[in-house]
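Participant: Below are the sequence and a predicted model; questions follow.
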Amino acid sequence: MIKLRKLITISTLLLFFVTQAQEYYSLRGYVTNDDNEPLVGVYVRVQNLGTGTVTNAKGQYELRLPEGMNRLSYTFIGYKPQTLDLVIQKNLSQNIRLKFSDNQLKTVKISNKRKDLSYGIIKQVIENRDNYTSQYTTQKRHIYIKSVEKNIRKAPKEDKEKDEKTDPFKNDSIPDLNLFEGEFIQHKNNSGGFKEEKLAAKKLGSQRSLFYTSTTNADFDFNQNLIRSNKLGDNSYISPISATALLAYKYKLLGSYFIGKQKIYKIKVTPRKLGNALFKGTIEVWDSLFTIKTVDLNVNKNSLILYDKFNIKQSYIFIKNKRVLESEELTWRIKTNSEESNGHCDVTYTAYVFDTTYTKRYFNAEVGTTAEDAYDKDTSFWAEIRPVPLTEEERDFINYQDSVFRIRNSKVYLDSIDSAYNKITFLKALWSGMGHINREKKVDWSFDPAIGLIDPVAIGGFRLRYSVSYYRKFEDRKTIYISPFINYGFRNQDVKGNLNITYKYDPKNLSTISVNAGKYFGFVNQFATFNDIFKRENFFEQNHIYVYHRTELLNGLYLTNGIQNILRRDLGNFSFNPDFDEAFENNIPSRFDTHSAFEVVIGIDYTPKQLYIQEPKEKIILGSKYPTFSLAYRQAIPKFFGSTTDYKRLELGIRQKFNVGIFGVSEYSAQFGTFLDTTKLRIMDYKYQRGGDPFFMLPPMYGYQLIDSTFPTFGGFLETHYVHQFNGFLTSKIPGIKQLGIKTTGGGGVLFVPERNYQYSELFAGVNRIFKIGRERLRLGVYYVVAQSNTQGFTSGFKFSFEPYDADNSSWSF
């Protein structure tokens with residue numbers, strides 16, 4: 001054993017000394033043509049290392065190479081490539097003269113005869129992309145972001161007439177802005193590794209529609225074939241210099257100009273057809289270098305969800321013979337009937353460092369970190385780091401907000417605001433509800449209004465209810481929420497009530513514990529159809545206590561566990577309002593013997609390589625390109641706390657949502673479940689397969705549309721669902737339809753229930769359109785569904801859907 005340790009130690013030392021013995025030397029030189037003129041933008045590649053550089057404005061290049069044999073290649077459009085083997089033993093100078101290539105010139109000339117010169121230029125830019133994407137193995141850069149949105153509210157006509165008579169100097173001169181400032185360091189590698197460090201951030205006003213509050217919002221790298229940003233919409237956009245760009249875009253040379261001796265082409269870019277996933281605008285290209293210098297591109301408005309207009313401007317420069325992004329300017333507009341918001345984001349990229357060596361696991365699922373003091377920077381800090389001074393309007397707004405912040409955090413102001421909020425008024429008591437807040441302690445009490453006394457689900461006749469809630473948020477982002485309510489039925493003179501407590505004790509690991517206890521009504525099947533959900537047979541009375549806990553054990557691995565103890569009684573002796581006897585067929589309560597159930601619940605969800613940003617006091621989940629796997633186990637334990645139920649149920653699932661480039665977004669799920677034991681199973685413990693609703697489309701990832709009636713399953717079952725949103729890929733090419741913003745959707749699902757020898761499958765296709773209601777977005781759809789089963793045969797029908805948009809998470813409800 002000792003000899004083995006010595007051998008390992010000696011081998012390690014030898015390896016270390018051999019590694020250290022390998023030295024690096026400098027190789028530099030000029031690349032010229034036959035007339036001894038310097039060639040700018042020649043790509044010099046070290047083939048054995050996979051790295052390289054580009055010659056500068058003087059035709060110079062410089063590389064750091066390891067000792068020994070190295071193979072170099074010199075390539076430049078219009079010239080014959082040259083390969084050279086060099087033995088590096090010291091610092092060397094190596095000049096290269098490239099020969100002109102007639103074949104390449106003829107190719108360009110032929111294309112020029114057929115098309116505008118711009119097509120030949122763009123073709124060479126496309127062919128030259130790889131030379132610039134492989135300039136370096138890693139990149140580190142400093143980023144400053146200022147994102148500002150100005151809100152202009154439109155006054156009604158009568159108010160405008162009043163304003164004309166009002167002294168303009170009496171109006172409030174403080175602009176209505178939303179603002180974000182940020183200082184970041186960003187790290188990237190050529191394998192897709194990414195990480196941002198948020199060093200400082202300032203947030204004023206609403207951040208909901210501000211763009212680029214994190215560098216994870218988007219990466220507008222036009223050297224990539226496709227560009228995607230969830231913040232803009234559901235589409236992936238085709239770059240104007242992608243591999244397929246010549247099929248998607250039309251180009252026109254608008255002119256050229258010189259910067260020194262370097263010629264710049266300006267080219268107009270327009271879609272061949274009005275597709276959702278295309279840009280429109282201009283790009284500038286360096287002659288001889290054949291790479292983008294600037295872009296000024298508009299995003300197709302039919303692809304935007306939150307925004308009505310969005311524009312991207314970029315400017316590129318060369319640093320250390322490497323082409324890099326110097327600045328970015330993003331502008332947008334959101335327009336409603338009552339207001340208009342115009343946004344402007346300036347991004348500055350500086351302090352580039354290339355080919356840095358990172359630790360093996362540096363690029364991981366944590367794509368962002370935030371400094372502990374990032375949100376505590378003072379005015380002098382921002383004044384020092386801003387590359388461009390604030391506008392007068394921005395300066396007035398920030399000064400105003402800073403003064404307001406100081407005032408609003410003073411005890412006198414907080415007490416006055418709390419006093420106004422806590423004041424009881426007739427309107428609050430009747431309609432909106434009352435509150436009592438203590439901002440200093442971050443405590444908020446809420447009390448129901450009078451209209452909330454009426455219970456909308458009045459089981460057994462008219463019922464009154466009342467609820468109160470208590471919420472407190474601590475400095476470390478921990479929160480506690482307590483909500484009791486009481487419910488009284490006049491017909492049966494019965495009192496019901498419930499107490500819910502939820503405590504988030506570890507925001508960084510998304511950990512919560514909740515307790516729910518009380519006496520109330522339970523559902524036999526809480527996912528019953530619209531026709532069945534309010535039937536008397538779907539309710540029973542229960543005394544219950546639930547204790548649930550959820551936490552993240554490892555990144556992407558979530559554990560949910562809980563226990564519940566329930567005493568269940570039927571409603572056989574309950575008195576109901578006879579006016580509703582005929583509201584449903586066979587509208588009589590379910591009958592069963594009174595019993596107790598003690599149940600244990602365990603759930604595990606795992607999403608591999610879940611991306612996230614780690615804030616000082618919380619964790620922000622960004623998603624993953626891998627599916628989520630789930631396991632759910634539920635067991636009723638007999639004789640425990642008087643329990644008489646006895647069953648075991650297991651469910652396994654997989655689900656994923658992913659982008660399919662310009663073709664849209666797909667989502668699928670599959671679930672297998674079975675009862676492992678049904679010794680003593682009650683009707684409210686059944687696993688139900690839900691029937692379809694008339695006219696309304698169920699969320700297609702969670703149910704089937706045309707199953708004629710709900711039924712329970714006791715053995716194994718397998719259910720699968722699939723939905724694809726084309727996001728305008730098909731309809732954007734159809735005249736008349738594309739102008740309406742109508743998009744298509746398709747999908748289907750299969751259900752197998754072997755115990756019933758039951759098989760059901762369905763396909764659906766339809767159209768949907770996004771409607772804008774103020775700043776909210778609603779997607780309305782109409783679909784045609786065809787289904788087949790071995791009990792129903794073939795059926796079909798139309799369905800309608802209503803889907804709200806979640807702007808905070810950039811996602812639809814389904």
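Facilitator: The structure has been received and is ready for your questions.
Participant: CA atoms for contacts and neighbours, from now on please.
Facilitator: OK.
Participant: so what's residue 759 bridging to?
Facilitator: Following DSSP bridges, residue 759 is listed with bridge partners residue 752.
Participant: Can you give me every residue that contacts it?
Facilitator: 750-753, 789-790 (C-alpha atoms under 8 Å, 6 or more residues apart in numbering).
Participant: before we move on, what about residue 483?
Facilitator: By C-alpha under 8 Å, 6+ apart, the residues touching residue 483 are 467-470, 499-501.
Participant: again with residue 205
Facilitator: Residue 205 touches 177-179, counting by C-alpha under 8 Å, 6+ apart.
Participant: Also residue 312?
Facilitator: The neighbourhood of residue 312, defined by C-alpha under 8 Å, 6+ apart, consists of 295-299, 328-331.
Participant: thinking again about what came up before, in JSON lines, list the contacts of residue 759 along with neighbour count and distance to residue 242.
Facilitator: Shown next, in JSON lines, are the contacts of residue 759 (neighbours: other C-alpha atoms under 10 Å; distance: C-alpha to C-alpha, whole Å):
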{"residue": "750", "neighbour count": "19", "distance to residue 242": "38"}
{"residue": "751", "neighbour count": "21", "distance to residue 242": "42"}
{"residue": "752", "neighbour count": "18", "distance to residue 242": "44"}
{"residue": "753", "neighbour count": "17", "distance to residue 242": "48"}
{"residue": "789", "neighbour count": "18", "distance to residue 242": "46"}
{"residue": "790", "neighbour count": "11", "distance to residue 242": "49"}
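Participant: could you dump stretch 381-393 to PDB, C-alpha only?
Facilitator: Taking only C-alpha atoms (Å, rounded to 0.1, in the frame of the first residue of the first chain), the coordinates of stretch 381-393 have been written out as PDB:
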ATOM      1  CA  PHE A 381     -21.600  55.100  -7.100                       C
ATOM      2  CA  TRP A 382     -24.000  55.400 -10.100                       C
ATOM      3  CA  ALA A 383     -22.700  58.800 -11.100                       C
ATOM      4  CA  GLU A 384     -19.100  57.400 -11.200                       C
ATOM      5  CA  ILE A 385     -19.900  54.300 -13.300                       C
ATOM      6  CA  ARG A 386     -22.400  55.600 -15.800                       C
ATOM      7  CA  PRO A 387     -20.800  55.700 -19.300                       C
ATOM      8  CA  VAL A 388     -23.400  58.300 -20.400                       C
ATOM      9  CA  PRO A 389     -24.900  61.000 -18.200                       C
ATOM     10  CA  LEU A 390     -28.600  60.800 -17.300                       C
ATOM     11  CA  THR A 391     -31.000  63.000 -19.300                       C
ATOM     12  CA  GLU A 392     -32.600  65.900 -17.500                       C
ATOM     13  CA  GLU A 393     -35.800  63.900 -17.300                       C
END
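Participant: Report the buried residues of it.
Facilitator: Residues 382, 386 are the ones in stretch 381-393 that count as buried (16 or more other C-alpha atoms under 10 Å).
Participant: and which of the contacts of residue 759 is nearest to residue 223?
Facilitator: Checking those against residue 223 by C-alpha to C-alpha gives residue 750 as the nearest, at 41.1 Å.
Participant: so where is the stretch 301-450 of the chain shaky, pLDDT-wise?
Facilitator: Residue ranges of the stretch 301-450 of the chain with pLDDT under 70: 400-418.
Participant: what about the helices in it?
Facilitator: Applying DSSP state H, counting those that start in this stretch to the stretch 301-450 of the chain gives helices spanning 379-385, 392-408, 411-422, 426-427.
Participant: Could you do the chain as well?
Facilitator: Ranges of helices within the chain are 2-21, 102-114, 117-127, 129-133, 157-164, 245-248, 379-385, 392-408, 411-422, 426-427, based on DSSP state H.
Participant: Any chance you could list what contacts the last one?
Facilitator: Going back to what we said before, that points to helix 426-427. Counting by C-alpha under 8 Å, 6+ apart, no residue sits against helix 426-427.
Participant: show me the contacts for the closest residue to residue 630 other than its chain neighbours.
Facilitator: Spatially, and ignoring its direct neighbours in sequence, residue 630 is nearest to residue 605 (4.4 Å; C-alpha to C-alpha, 6 or more residues apart in numbering). Shown in contact with residue 605 (C-alpha under 8 Å, 6+ apart): 556-559, 628-631.
Participant: Over to residue 235?
Facilitator: 228-229, 276-277, 303, 661-662, 664-665, 727.
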